[in-house]
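Visitor: Here you go, sequence then predicted model.
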Amino acid sequence: MSVRNIVRVMNFHALIRVDNAKKQAMKYQRMQEKLMEMMSAITNNRNFRLDKKILEPPADGSVLHIYLGSDYGFCGNYNSQVSDQLRKDTESQKIVIGKKLHVPEGTEVLLRMYRKELPEAFGQLEEVLTAAIKSRSCRKILLTYNHYENTSTIYLKKVQIYPVKPAEGEAYIEDFAVEGNINDLYEDMLSAYVNYEMLLAAVISSAAENVLRQNATTESLKKIDELEEEKLMQSRREKRDKEFRKVIDSFVKKRMY
């Protein structure tokens, strides 16, 4: 199979996935906004904070970084940007998802898996994140992935998913009260929220990956066309030069005789 046909197949498969991934990503983005509003309203409820019903994460706890990449190449700088961020974050525990991500030697990795293993192994990831929250051994969880905004806007995003931070300029005016200890319920909700954020990021980054791969394969097909056109022109020039030399040789021979 020629290089052109291989790239065409890759481009076709990327196109098939792009539309579904984009629709799914936009749907989940709307859900993400609502979920963030709900969790932020609980976390930043002034009644809870004044009554110390919401326990803060430990100030001396560890920082957990999650890096979400892919198992395949041919998608621009999709994995290299995440790998660069992974190298920069030195003093932290890490969860690395994606075959193409490069982990520096000596890095403390709590969990490592291929991207294709994520659906089946999500329960294992969920256990690690839930334990980090409920044991109060972790003060912060950060997630790094490629964020899909639209087909022309894809960028590396590093977001704090624990503890929940209020959006910039957000003000709370509808505080509420509850009876009893809310911490157990809040921890369960917070664990579910963090795990759901991982699912959202996986869907959104999948859309980004397929859009970038489709762009890369489209550009590759254009380059192949340019190279083949240049090769054809060179072949024509060589053919003309050969025919011209024949005419010259024939003319010289006639003049000699």
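Guide: That came in fine, so what should we check first? What you are looking at is a predicted structure, and each value in this text was computed from that prediction instead of being measured.
Visitor: Span of stretch 71-81 from start to end?
Guide: Taking CA to CA, to the nearest Å, stretch 71-81 runs 14 Å from one end to the other.
Visitor: contact partners of stretch 27-34?
Guide: The contact list for stretch 27-34, computed with CB atoms under 8 Å, 6 or more residues apart in numbering, reads 197, 199-200, 203-204. All C-beta atoms are positioned from the backbone trio N, CA, C, and that covers glycine.
Visitor: For Gly106, grab the count of nearby residues.
Guide: Residues near Gly106, counting by other CB atoms under 10 Å, number 6.
Visitor: Asn79 and Asn146: what is the separation?
Guide: 9 Å (CB to CB, to the nearest Å).
Visitor: and if you look at Tyr196?
Guide: For Tyr196 relative to Asn146 (CB to CB), the value is 19 Å.
Visitor: Arg139 too?
Guide: Separation of Arg139 from Asn146 (CB to CB) stands at 26 Å.
Visitor: And those two? Which one has more around it.
Guide: Set side by side, Arg139 and Asn146 show more neighbours around Asn146, with 27 against 17, by other CB under 10 Å.
Visitor: Sheet partners, orientation included, of the helix or strand where that one lies?
Guide: In this assignment (DSSP states H and E), Asn146 forms part of strand 138-150. Note on strand 138-150: by DSSP bridges, its sheet partners are strand 62-68 (parallel), strand 153-162 (antiparallel).
Visitor: could you give the angle of the top helix by length along the chain to strand 153-162?
Guide: Looking across the chain with DSSP state H, the single longest helix is helix 183-256. Per axes from the mean of the first three to the mean of the last three CA atoms, to 10 degrees, the angle that helix 183-256 makes with strand 153-162 is 160 degrees.
Visitor: which other helices and strands contact helix 183-256?
Guide: On a contact count with 3 or more CB pairs under 8 Å, 6 or more residues apart in numbering; DSSP states H and E, helix 183-256 meets helix 3-43, strand 62-68, helix 78-88, helix 118-134, strand 138-150, strand 153-162.
Visitor: What residues does Gly73 make contact with?
Guide: Here Gly73 is in contact with 79, 100 (criterion: CB under 8 Å, 6+ apart).
Visitor: low pLDDT regions in this structure?
Guide: 1-16, 29, 32, 51-55, 74, 166-174, 224, 251-257 (pLDDT under 70).
Visitor: Let's check: the centremost residue of it is which one?
Guide: Residue closest to the mean C-alpha point of the chain, counted by CA atoms, centre = their mean, is Asn146 at 3.0 Å.
Visitor: so it bridges to which residues?
Guide: Applying DSSP bridges to Asn146 yields these beta-bridge partners: Leu156.
Visitor: From Val63, how far off is it?
Guide: For Asn146 relative to Val63 (CB to CB), the value is 21 Å.
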